[in-house]
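Engineer: just to be clear, the model below is a prediction. Sequence and coordinates:
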Amino acid sequence: MRSHTKTKEAFSLVEIVLAIGLFSALVLAMSGGFAFAIQSTQIFAIKNKASSIAEEGLEAVRSIRNESFANLVDGNYGLSQSGNKWIFSGTSDTVGSYTRVIQIATADSTTKTVLSTVAWSSPVVGSVSYLTYLTNWQRVVNPAWSSPFLASTLNLTNTSVGNKVAVSGNYAFVVRATGSPNFVVVNISNSAAPTEVFSTTLTGGLTDIFISGNFAYITSDDDNAELRIMNITTPTAPSVTTTLNMAGTDNASSVFVQGTKAYVGRLTGTEFFILDVSNPLITPTVNGSLSLPNAVNHVYVSGNFAYLATSNTAAELTIVNVTTPSTPVQAGVFNIGVLTTCSSINGVTTTILIGCANGIMYAINAATPSTPAQLGSFTAGAAINDISLNSAITIAFLGTSSATLEFQAVNISNLASMTIAGSLNAAATIKSLAYDSVRDAVIAVGLNTAGELIIIKTL
């Protein structure tokens with residue numbers, strides 16, 4: 001009897017020990033899982049910041065190329081700034097805890113490959129690399145695009161018009177001001193047969209989109225989400241990572257991303273903001289802002305200056321020095337000299353192209369921001385809604401409100417005497433367009449509710 005009782009007690013003790021062991025193992029497993037999740041999030045944030053620095057490197061080299069193609073000598077380089085311009089410096093440079101190396105190699109007689117690699121060593125060793133091709137755009141070339149034609153038309157889900165479009169790889173990303181869905185992704189790998197691969201509805205009317213790396217930055221008139229950041233790593237299944245509720249109830253109109261900063265224009269209130277987007281997974285923080293007399297309709301940034309297309313009829317082009325993000329200051333303005341507003345802008349370093357409601361595109365030399373000077377102009381005949389540039393910077397593509405010449409390809413090889421290279425009757429106003437360098441095509445969206453997206457190519 002006693003022997004039986006002792007055996008039972010001993011067996012119960014073993015069970016307790018085993019239970020404690022299993023519980024300890026479970027706790028350790030859960031702790032390890034939490035630690036892994038935290039580390040994974042940290043690594044993802046580090047990788048995204050590194051991607052921004054790598055992309056900034058490509059933009060810096062592009063501006064160096066624009067000064068002179070001869071600057072691109074094969075080798076490894078670091079980057080620094082001198083006199084508000086990017087220059088090569090040493091064989092690498094550091095940005096915080098990141099090391100960046102720019103590798104330049106010859107592809108052919110008029111093209112260089114540029115590889116921007118950013119590495120880090122903590123919490124784990126890693127690196128990211130981005131590759132691009134840069135051509136000698138200053139050489140004498142035939143600008144082509146004399147015979148543009150409509151390669152295809154795509155009727156997007158519902159009858160809402162297309163408002164803005166951006167291109168990345170094999171995909172076009174379309175935002176709309178009204179309707180549902182108002183965010184659409186289109187596979188454009190086959191120019192003759194684009195297909196809609198994803199759509200969703202975001203609150204508010206979407207006003208602009210800018211793609212940087214694996215993220216799309218979208219502005220809207222939603223008072224609680226003037227800026228959204230979407231992860232487009234998988235274009236067929238993008239997702240919103242974060243939103244920013246900017247101060248006040250003023251609508252955001254435009255966004256441009258350079259490096260780790262997003263530059264946002266608004267229609268009223270405080271019209272210009274600089275945001276820190278070094279980690280696209282968290283809510284951006286406001287670095288600085290600037291109040292202006294009128295609406296900021298479109299933003300272009302190069303180096304230490306932001307160039308704004310505005311509704312101010314005395315300062316259609318407003319130049320802002322953003323060297324110190326916390327305190328941006330107005331550096332200069334350009335008054336076109338006629339009563340009009342401007343809603344599109346693009347450029348190459350300090351050469352600015354601005355499109356206006358009076359149907360004229362102005363080329364402006366802004367090398368001296370305090371006294372920008374007109375280089376030339378081109379008359380499109382109707383309001384210019386958007387401007388995009390080809391890779392060689394010889395053609396400016398215009399989306400206009402013309403009844404018959406909604407698409408215009410303009411030869412800008414000589415800015416003092418710009419001429420029409422080719423045009424197309426697109427059946428309805430083109431609101432936005434983006435050059436697709438992979439297929440030498442233009443992706444456009446507009447007011448044709450039976451074909452909101454079109455692809456234009458040339459013979």
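Structural biologist: Done, it's in. Residues are numbered from 1 along each chain as shown.

Engineer: tell me the confidence at I20?
Structural biologist: pLDDT, the model's per-residue confidence, is 69 for I20.

Engineer: same question for the one 3 residues further on.
Structural biologist: On the pLDDT scale, F23 is placed at 66.

Engineer: L353 bridge partners, please.
Structural biologist: N346, A363 (DSSP bridges).

Engineer: residues contacting the nearest residue to A450 once chain neighbours are set aside?
Structural biologist: Taking C-beta to C-beta, 6 or more residues apart in numbering, and ignoring the residues beside it in sequence, A450 has N155 as its nearest neighbour in space, at 5.6 Å. Any C-beta I mention is one placed from the backbone N, CA and C, and that applies to glycine too. For N155, the contacting residues are 450-452, by C-beta atoms under 8 Å, 6 or more residues apart in numbering.

Engineer: what about burial for the residues you listed, which qualify?
Structural biologist: 451-452 (16 or more other C-beta atoms under 10 Å).

Engineer: ok, the contacts of N155 vs I218, which is closest?
Structural biologist: The shortest distance between I218 and any of the contacts of N155, using C-beta to C-beta, involves E452 and amounts to 17.1 Å.

Engineer: so that closest one makes contact with L154?
Structural biologist: Yes. Under the criterion of C-beta atoms under 8 Å, E452 is in contact with L154, at a separation of 7.2 Å.

Engineer: immediately after the helix or strand of the chain with the lowest mean pLDDT, which helix or strand?
Structural biologist: Counting by mean pLDDT, DSSP states H and E, the weakest-scoring helix or strand in the chain turns out to be helix 2-67, with a mean of 69. Proceeding C-terminally, helix 2-67 gives way to strand 75-77 as the next helix or strand, assigned by DSSP states H and E.

Engineer: pull the distance from that next one to the chain's centre.
Structural biologist: 26 Å (C-alpha atoms, centre = their mean, to the nearest Å).

Engineer: just to revisit the earlier point, of all the contacts of N155, which comes closest to K47?
Structural biologist: For the contacts of N155, the nearest to K47 is E452 (34.7 Å; C-beta to C-beta).

Engineer: how about that closest one, what does it touch?
Structural biologist: With contacts defined as C-beta under 8 Å, 6+ apart, the neighbours of E452 are 154-156, 160-162, 174, 176, 445-446.

Engineer: got phi/psi on it?
Structural biologist: According to degrees, to the nearest 10, the main-chain angles of E452 amount to phi -60, psi -30.

Engineer: name the nearest residue to it, sequence neighbours excluded.
Structural biologist: With sequence-adjacent residues excluded and distances taken as C-beta to C-beta, 6+ apart, E452 is closest to G162, at 4.1 Å.

Engineer: I420 in helix, strand or coil?
Structural biologist: Counting by DSSP: H, G, I helix; E, B strand; the rest coil, the backbone at I420 sits in strand.

Engineer: pLDDT of the helix or strand hosting I387, averaged?
Structural biologist: Per DSSP H and E: I387 is located in strand 384-389. The pLDDT scores in strand 384-389 average 98.

Engineer: helix or strand right after it?
Structural biologist: Reading on from strand 384-389 to the C-terminus, the next helix or strand found by DSSP H and E is strand 395-400.

Engineer: sheet-wise, list the partners of the next helix or strand after that next one with their directions.
Structural biologist: Counting by DSSP H and E, the element after strand 395-400 in chain order, helix or strand, is strand 407-411. Under the criterion DSSP bridges, strand 407-411 sits next to strand 395-400 (antiparallel), strand 419-424 (antiparallel) in its sheet.

Engineer: quick revisit: pLDDT score for the residue nearest to E452?
Structural biologist: In this model, G162 is scored at 96, pLDDT.

Engineer: that one and E55, how far apart?
Structural biologist: G162 sits at a distance of 26 Å from E55 (criterion: C-beta to C-beta, to the nearest Å).

Engineer: ok, these two, which is more surrounded?
Structural biologist: A count of neighbours by other C-beta atoms under 10 Å puts G162 above the other of G162 and E55, at 28 against 21.

Engineer: shouldn't that one be in contact with S432?
Structural biologist: Yes. Assessed by C-beta under 8 Å, G162 is found in contact with S432 at 6.9 Å.

Engineer: can you pull the residues that touch both of the two?
Structural biologist: Contact criterion C-beta under 8 Å, 6+ apart; residues bridging G162 and S432 by contacting each: 445-446.

Engineer: ok so, going back, which element is the residue nearest to E452 on?
Structural biologist: Assigned by DSSP H and E, G162 falls within no helix or strand.

Engineer: now do A427
Structural biologist: Per DSSP H and E, there is no helix or strand for A427.

Engineer: ok so, going back, and the residue nearest to E452, its phi and psi?
Structural biologist: Dihedral angles for G162 - degrees, to the nearest 10 - are phi -80, psi 140.

Engineer: distance check, it against A295.
Structural biologist: Using C-beta to C-beta, which is the criterion applied here, G162 is 22 Å from A295.

Engineer: now K261
Structural biologist: Computed as C-beta to C-beta, the K261 to A295 distance reads 21 Å.

Engineer: residues in contact with T350?
Structural biologist: 302-303, 305, 365-367.

Engineer: of all the residues you listed, which two lie farthest apart?
Structural biologist: G303 and N365 (14.6 Å).

Engineer: what bridges to T132?
Structural biologist: The residues listed as beta-bridge partners of T132 by DSSP bridges are V114.

Engineer: check contacts around it.
Structural biologist: Contacts of T132 were listed using C-beta under 8 Å, 6+ apart, and they are 58, 62, 113-114.

Engineer: going through these, which ones are buried?
Structural biologist: Listed as buried from those are 58, 62, 113-114; burial here means 16+ other C-beta under 10 Å.

Engineer: tell me which two of those sit farthest apart.
Structural biologist: Between any two of the buried ones among the contacts of T132, the greatest separation by C-beta to C-beta is 13.0 Å, found for R62 and T113.

Engineer: from N448, how far off is the residue nearest to A450?
Structural biologist: Relative to N448, N155 is positioned 9 Å away (C-beta to C-beta).

Engineer: what of Q330?
Structural biologist: 39 Å.

Engineer: compare those two (neighbour count), which wins?
Structural biologist: Remark: of Q330 and N448, N448 carries more neighbours, 20 against 16, as counted by other C-beta under 10 Å.
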